Structures are given as C-alpha cells and as structure tokens.
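[1] Kindly return the folded structure for what I paste below:
(2 chains)
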Amino acid sequence: MSAIVDFLGPQGWQAVLLSLKVSFWAVLCSLPFAIAIAHVLARRVFPGKQLLNGLVHLPLILPPVVTGYLLLLAFGRTAPIGAWLEQSFGLVLAFRWTGAVLAAAVMGFPLMVRAIRLSIEAVDPKLEQAASTLGASRWRVFTSITLPLTLPGILAGGVLGFAKAVGEFGATITFVSNIPGQTQTLPSAIYAFLQVPGGEVQAIRLVTLSIVLALGALFLSEVLARRIAKRVGQA
Amino acid sequence: MSLRVDLQHRFDGFELDAKFEAPKGVTALFGPSGSGKTTVVNALAGLMTPQSGSVVLEDEVLFNAQQGLNIAPHKRAFGYVFQDARLFPHMSVAANLDYGRRMRGHAKERTLWSHTIEMLGIERLLDRYPTALSGGEKQRVAIGRALLSGPKMLLLDEPLAALDADRRDEILPTLERLRDEAQMPILYVSHSVSEVARLATTIVAMKSGRVLHTGPAAEVFADPQSADAIGPQMMGALLKARAVQHHEDGLTELSAAGGTLWLPQISAQIGAEFRVRVRAQDIMLSLKQPQDISALNVLAGQIVAIKAHGGAGALVQLNCGGCSVLAQITQRSAKAMNLAVGQTVYAVLKSVSVAHGDIGAATTGAHK
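    Have a look, this model is predicted:
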C-alpha cells in the first residue's frame, strides 16, 4: 500500500481516493433514479416522453463545461436550489467534494439510464402479466420479476456510470474547481500536474493507474454479470 | 360457482361480442384461430379492458364498463395458464410454484402442495430452473403454479397447443383428473376437437369474435342446429358410461343410458365412469334390430329431429334412453327408409372412442 502511495505521491494518492469516493457515491445515489427513469421510459406511454428522454440525454450532448456552469447556476451557494439545500439540510455542494458527486452523477446518468432501459425492454412483458395474474401488485411485479431480470443491465449501467464518474473532468472542474485534497479528482490532478514544469512523471503515473482502474472495473463487472446471468437463467 | 361473461370490444377490422356463462366443470371456449378466444380470456384476467360489458365471477363483479368498475388483474382470483407457460426464468420450479401463494399472502398448505405436485408428476423437477425443462414439463409446472395460487377459477389458454402429440397425451389425463377433482370451474380455450371432446362439459363455440352456439357438451354435440357452429368433426354423441365387467374374450362391458356397449378391454376398474364419444359419421341407422352383422354396439332410440346437412347429407338426432345421439346419413337413405320424427330406429356404432371421467352434470337426463 505504502509503495503505491510513494509511487503516486501524497497529492496523487489523495486524488485517487477522492475520485473513488466521489464515483462510489455518485453511482449509489443516482442508481435508484436511473432505474426509475429507465423503467418509465421503457414501459410507459405518456405525453412528453420524448422531452424526458431528451432531458436525460442532455449531459451526454452538451459540452461538459456548460453542464458544470448550469450546475453552478442552480446549486451555487447563492443560487435558488443551493441556498435552499444549505438552509434546510446544511448541505453545501459548490466547491466541495459533494458537488463533485453531483457533477459525476449528472454526467453518468444518461449512460446508466440507457443501459438499464435496454435491459428492462429485454424483459418479456408477458412474464410481468403472468406475475400480475398470480396476485402480484405493480410494485411487487417490479421487485420480484422486472428488477431481478434486469440485474445484469443495472450492473452494466453501474459500471459505466462509475467509469464515467472516475473520468469526469469538465463539469467537475467548472462546478467545484480543482482544490487539492478537497475537489481535486484523478483527472483534475493529471491536468494540474501537466500544468507545472516537471509534472509529467506524476501525470504518467496517474494515467497508468487510471488504465488499471478502468480495466479492473470492466473485469469485475464481467465476472459479476456472468454470475448473475447464470442465476437469472439466461446463460 | 359460475362465471358470467358479456364483453364487447371493437378492434381495427375485428369486432368481439361474446356473451356466455361458464358453470362448474370444464367450459370449452372452442373455435378456429383468430376467433377472439384469447382476447376473451385476457379480458377475464384483466390484462385487457373491453370497451363495454361485464364480467361476474360468482357474486363478485370484476368488470363493469357502465359503472366504470375494473378490478386490477392481481386482485382477480383467476389461475391463468398461458399457451407459452411463462415461467419465471430466475426462479426454481419450487419458487415458481410458490409465487402465487407468496404474492397473495396465503398460508402454506402442505397437503395441497404435495397433492398438486403429485398429481402433476413434477416432484423431481422442484430444484430445476425453467430453462432445463421440456415443453411438457414447463406446462405442467405452469398448471401447478396457477393451481397453487389459490384461484377461484382456472383459465387455460390452449395449454397443449405448443406440445407434440406424445406430450399432449401425457398431460390430457392430468387435465381430466383436474376437471374431476377440482371444485372450481375451468375455462378451457382450444381449437382442438379431440381435446374438447375429452374434457368439455360445456361448450362455447366462437367464430369471428362471436359466440355461435353454447350449451352442455352432450347436447351441443348431438344438436343438428349446432352443426354449422362446431363443425362436422365434433358432431355425434357424447355418452356417459360405466364399466360393468371385463370379459374373457378381451372385451369390456359398459353400461350407458341408451344400452350396453362393448369395447376392447379398457384398463379400468369396474364401476369407473367413462365418456364415450361417437362421431356422427361413424353411426349407421337401421329400421329393425340388426342381426347377423359384426357390429357389437347398437342402441335403440327415437328420432327427435332430421335436418339436411351439406349437400347430400342428413343429420338425424335420436333420443337413446335419455341421451342424444346424432347420426350422419345421406338424404337418399333417409328418404328410402322413410324416416320420420318419433320413429324408433337402431343406431349402429361403427367406431367408438372412450376417455376417462364423467361428462359432467350438464348432460341431458343422464346425470345424478
């Protein structure tokens, strides 16, 4: 462990830890919303569905800087939502690691929704009908049939969201800046090292770690997906 | 316990207008593909909402378009067996079977559980997953799952249609047993004449979204008026018979309301009840008690009705000791024999098929 800390340097190590923390919370907090929105998009027909779909995809097509700036306009300490959050819950987002979580969650959200929506659409509605004739209410149909059968997709969405969160740069740096030890995530740290003369070595080391992290996450998700698929009976 | 159905729905280029009643026993919703049978069943289960009409199970109104009443599917106590089984792939067979009970919050009944599993012959499948089951096994489990959900009525939508002939013959006796043991009414959707003939106590014949004919199976089979609705394959007689004695020459003596029947040895206990089906085209008529012929099975009866049918044919309905028997002969023969309503004639049964079980309480005169 200490070898890794020595290898990355204290600042780099801090950035890695922060990135993992931010990404973990970003995925955990946005997953329930992503599942809910994906379910609505996959199964319901209602006016304004395309609008909702467009809104969800907005962070994917907007320049990340624009998304970050919009977050600042809405969640800054003097902005309407930001002020309300601070007064009601004492929760400050702007220029804090919590803000980095929000930025990462927003940026990863479309990817998660897409993956989960696809796997919900792959669940045969006839199974859900059968469950309802056996006495399951809508909610229990969802929890006992749809959700377990969607698990591989949820996992894939989670991994995608996590990877996106670890790599998020534009929106994060705009919304919460690049404060070492507080809001400096892995990509922000790489960027910072590249700005100072002689920082390339550090940057390369962080880049290497990024690659290892990404491959590790991918490998882990493959293993889990295979296991779940076996349980779900699709293998 | 009975189900009263009155449904109307207009689709693009198809109009459904179905009104019938399903009493205890097996009500066969019979008709060619595309006649709206599955739509009716889906409407009963609440999976589709018809534009008008009503569904009443015993005293409970499940759907009434006029009053805007529409009970959600999960609150309707139907056990629905789909044509394609629809087992949950992420659950073991045991979990599939237990699903309805868990969702409805019923207490686990050990005897019902073990009895159902034994009846369906699925003991050794309990730990398996649906992907490891054959088509016939899947359908058995699906029937068990519906039964164990504690339904007030079973809806079987062509449960055998996706199976090959061997699997079908394997499951049919189970369905017969289900009919004779289950206390609840069963709605059985099928386009197969042989299945309906074996299982049905009541027939609802549908075509192009409409109910053409409905009534007790034995009556519908032998009613010349229903010939157009149910088709020539189905017409004939459905008789209730009881095994009396196994004879040394390999024949079993059966006692039917209209007389004695002799059939090649049936592996059944003396006293067991059978449904005997004879197709109208396998019945000859004779003015006198036939002698010196090889046919063993002859029933005496009075002519109730004569109706011309399909060009040269004529359908003659007989009353044989309270049972209706329909014979298909030619108009030329009818004329030559001078057949008239009220006359006594002898029906010679050339070929007889038997199936286990009662034909139900709905038969003419033969019941109780």
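[2] all contacts plus neighbour counts: C-alpha atoms, from now on.
    OK.
[3] Ramachandran angles for the residue lying closest to residue B:353 once chain neighbours are set aside?
    With CA to CA, 6 or more residues apart in numbering or on different chains as the criterion, residue B:353 has its nearest non-adjacent residue at 5.3 Å, and that residue is residue B:277. Residue B:277 adopts backbone torsions of phi -120, psi 130, taken as degrees, to the nearest 10.
[4] Pull out the buried residues from stretch A:60-78.
    Using 16 or more other CA atoms under 10 Å in any protein chain shown as the test for burial, stretch A:60-78 gives A:60, A:64-65, A:67-69, A:71-77.
[5] Low-confidence stretches in the chain?
    Going with chain A. Chain A contains residues with pLDDT under 70 at A:1, A:231-235.
[6] The intended chain is chain B.
    Within chain B, the ranges that satisfy pLDDT under 70 run B:356-368.
[7] Give me the three-state assignment for residue B:206.
    strand (DSSP: H, G, I helix; E, B strand; the rest coil).
[8] For it, give me its contacts.
    Taking CA atoms under 8 Å, 6 or more residues apart in numbering or on different chains, we find residue B:206 in contact with B:29, B:30, B:31, B:32, B:35, B:36, B:37, B:212, B:213, B:229.
[9] Looking at the residues you listed, which are in strands?
    Counting by DSSP state E, these place B:29, B:30, B:212, B:213 in strands.
[10] Who wins on neighbours among those?
    Scoring the ones in strands among the contacts of residue B:206 on neighbours with other CA atoms under 10 Å in any protein chain shown, the highest-scoring entry is residue B:29 at 29 neighbours.
[11] Would you mind measuring from that one to residue B:304?
    From residue B:29 across to residue B:304, the span is 27 Å (CA to CA, to the nearest Å).
[12] Find the nearest non-adjacent residue to residue B:350, please.
    Closest to residue B:350 by CA to CA, 6+ apart is residue B:282, at 5.2 Å.
[13] Return the distance of that neighbour relative to chain A.
    Residue B:282 is 43 Å from chain A, where distance means CA to the nearest CA, to the nearest Å.
[14] what's the burial count for that residue?
    By other CA under 10 Å, the residues close to residue B:282 number 17.
[15] I figured it was touching residue B:351, is that so?
    Yes. Residue B:282 lies in contact with residue B:351 (CA atoms under 8 Å); the separation is 5.9 Å.
[16] Show me which residues of the lengthiest helix in chain B are buried.
    If you go by DSSP state H, chain B has its longest helix at helix B:165-181. By 16+ other CA under 10 Å, the buried positions in helix B:165-181 come out as B:167, B:168, B:171, B:172, B:173, B:175, B:176, B:177, B:178, B:179, B:180.
[17] Excluding sequence neighbours, find me the nearest residue to the fourth one.
    Setting aside the residues directly before and after it, residue B:172 is nearest to residue B:195 in space (CA to CA, 6+ apart), at 7.8 Å.
[18] which strands and helices sit next to the helix or strand hosting the one you found?
    Secondary structure from DSSP states H and E places residue B:195 in helix B:193-199. Judged by 3 or more CA pairs under 8 Å, 6 or more residues apart in numbering or on different chains; DSSP states H and E, helix B:193-199 is in contact with strand B:26-30, helix B:165-181.
[19] Buried residues in that helix, which are they?
    B:195, B:196, B:197, B:198, B:199.
[20] Can you lay out those as CSV showing distance to residue A:211?
    Output for the buried residues of helix B:193-199, formatted as CSV (distance: CA to CA, whole Å):
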residue, distance to residue A:211
B:195, 64
B:196, 66
B:197, 70
B:198, 68
B:199, 67
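[21] Quickly name whichever of those is closest to residue A:8.
    residue B:195 (75.9 Å; CA to CA).
[22] how close does the closest one get to chain A?
    Distance, residue B:195 to chain A, using CA to the nearest CA: 24 Å.
[23] Could you measure from that residue over to residue B:201?
    Residue B:195 is 12 Å from residue B:201, by CA to CA.
[24] same thing with residue A:120?
    42 Å.
[25] picking that back up, using CSV, list the CA coordinates for the following helix or strand past the longest helix of chain B.
    Sequence order places strand B:186-190 as the next helix or strand after helix B:165-181, per DSSP H and E. C-alpha atoms of strand B:186-190 as CSV (Å, rounded to 0.1, in the frame of the first residue of the first chain):
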residue,chain,number,x,y,z
ILE,B,186,-62.3,-24.3,-15.6
LEU,B,187,-62.4,-22.3,-18.8
TYR,B,188,-60.5,-24.2,-21.5
VAL,B,189,-59.6,-22.5,-24.7
SER,B,190,-58.9,-24.8,-27.6
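[26] how about the residues of chain B that lie near chain A?
    B:45, B:47, B:73-80, B:86-91, B:99-100, B:103-104, B:129-131, B:146, B:149 (CA under 8 Å from any CA of the partner chain).
[27] Could you list which of those residues belong to helices?
    Counted as lying in helices by DSSP H, out of those, are B:45, B:99, B:100, B:103, B:104, B:146.
[28] Was I right to think the first one contacts residue B:76?
    In other words, residue B:45. Yes. Counting by CA under 8 Å, residue B:76 is a contact partner of residue B:45 at 6.8 Å.
[29] When the two are compared, which one has more neighbours?
    Shown here are residue B:45 and residue B:76; by other CA under 10 Å, residue B:45 has more neighbours (27 against 22).
[30] which residues sit in contact with the more buried one?
    A:133, B:73, B:76, B:78, B:80 are the contacts of residue B:45 under CA under 8 Å, 6+ apart.
[31] repeat for residue A:28
    So residue A:28 contacts nothing (CA under 8 Å, 6+ apart).
[32] tell me which element the residue nearest to residue A:14 when sequence neighbours are not counted is part of?
    Of all residues not flanking residue A:14 in the chain, residue A:181 sits nearest, at 6.0 Å (CA to CA, 6+ apart). For residue A:181, there is no host helix or strand (DSSP H and E).
[33] Wait, a helix at residue B:9?
    No. Residue B:9: not assigned to a helix; according to three-state DSSP it is strand.
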